[in-house]
Each structure stands twice: as C-alpha cells, then as structure tokens.
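Chemist: Generate a structure from the sequence data that follows.
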Amino acid sequence: MKYLKQFGIIIAFSFAGEIFHHLIPLSIPASIYGIILLFAALETGVVKADSIRETSLFLIEIMPIMFIPSAVGLIDVWPILQTAWLQYLTVTVVTTILVMAAAGRVTQAIIRRKQKKEGSKHA
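Modeler: Model (predicted):
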C-alpha cells in the first residue's frame, strides 16, 4: 500500500504537469512542468522526500527498460533515418553532452547553495 501511495503522489504531480501544459501556451513538455512542480514541493517541504523515496528509487532503477519501446520504434522508421543517420547521431551526442553539463552545473550550484546555508546556520 505504501508504494501505491508514493506512486499516486508522483502521478498527481505528473497530472498537474499535464494541466499546466494545457493552460500555459509554451512549448514545454508536460513532464517538465510536473518535474518542476514536484521539485518545488520537495524544496518547500510540501512533500517530504521520504514520502516518495522507495518508489522514486524503483522508477530510477527501471528507467533503462523504459527506453526499449523507443528503440524498437526507431527500427520501424529506419528507412527514413537511414539517409541522415550521421546528422541524427551528431545532434544526439552533442545535446546529450550539453544536457549532462547543464545538469551537472545546476546540481553543483544547488549543492554549494545548500552547503552555504548550512554553514551560515552553524556560524
């Protein structure tokens, strides 16, 4: 039952992201809205990390399996991709590196900010 409750919380934020996607006329995917809302709820303490920890860890563990349908879909459209596979591969590699770098920088900034806050509390 605990896992259903945790999954329900995560799904609720995903659903809220869908609502935001339909209400706000920007080309931001609904999943990003949901992630931002969940992040804000975790940061403000509205949702405690412990209340979704186990299900979140499970979803992260099975994430590679979630890419299998997309990979199979690529096989279906291979005749279309075959003419420009090098361009697609280049864009994929470059954007992956950029996303990893941006995520790393943001993570480092958040960690530094958190350490600075904790340091000022103890001083």
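
Chemist: max-length helix in this protein?
Modeler: The longest helix of the chain (DSSP state H) is helix 85-122.

Chemist: Off-centre distance for it?
Modeler: Relative to its chain's centre, helix 85-122 lies at 13 Å (C-alpha atoms, centre = their mean, to the nearest Å).

Chemist: May I see the buried residues of it?
Modeler: For helix 85-122, burial by neighbour count (16 or more other C-beta atoms under 10 Å) applies to no residue. All C-beta atoms are positioned from the backbone trio N, CA, C, and that covers glycine.

Chemist: Repeat that for stretch 12-27.
Modeler: Residues of stretch 12-27 classed as buried by neighbour count (16+ other C-beta under 10 Å): Phe13, Ser14, Ala16, Gly17, Phe20, His21.

Chemist: Which helix or which strand is home to the first one?
Modeler: Secondary-structure element containing Phe13, defined by DSSP states H and E: helix 2-23.

Chemist: what's in contact with that helix?
Modeler: Helix 2-23 has contacts (C-beta atoms under 8 Å, 6 or more residues apart in numbering) with 28-38, 41, 47, 51-56, 58-59.

Chemist: Which members of those occur in helices, if any?
Modeler: Among the contacts of helix 2-23, the ones falling in helices (DSSP H) are 30-38, 41, 53-56, 58-59.

Chemist: Buried among the residues you listed? Make that a PyMOL selection.
Modeler: To isolate the buried members of the ones in helices among the contacts of helix 2-23 in PyMOL, using 16+ other C-beta under 10 Å:
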select buried, resi 30+33+34+37+38+41+55+56
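
Chemist: which among the ones in helices among the contacts of helix 2-23 gets closest to Pro79?
Modeler: Nearest to Pro79, judged by C-beta to C-beta, of those is Ser31 at 29.2 Å.

Chemist: contacting residues around the spatially most central residue of the chain?
Modeler: Centroid-nearest residue in the chain, with C-alpha atoms, centre = their mean: Ile35, separated by 5.9 Å. Going by C-beta under 8 Å, 6+ apart, Ile35 touches Phe13, Gly17.
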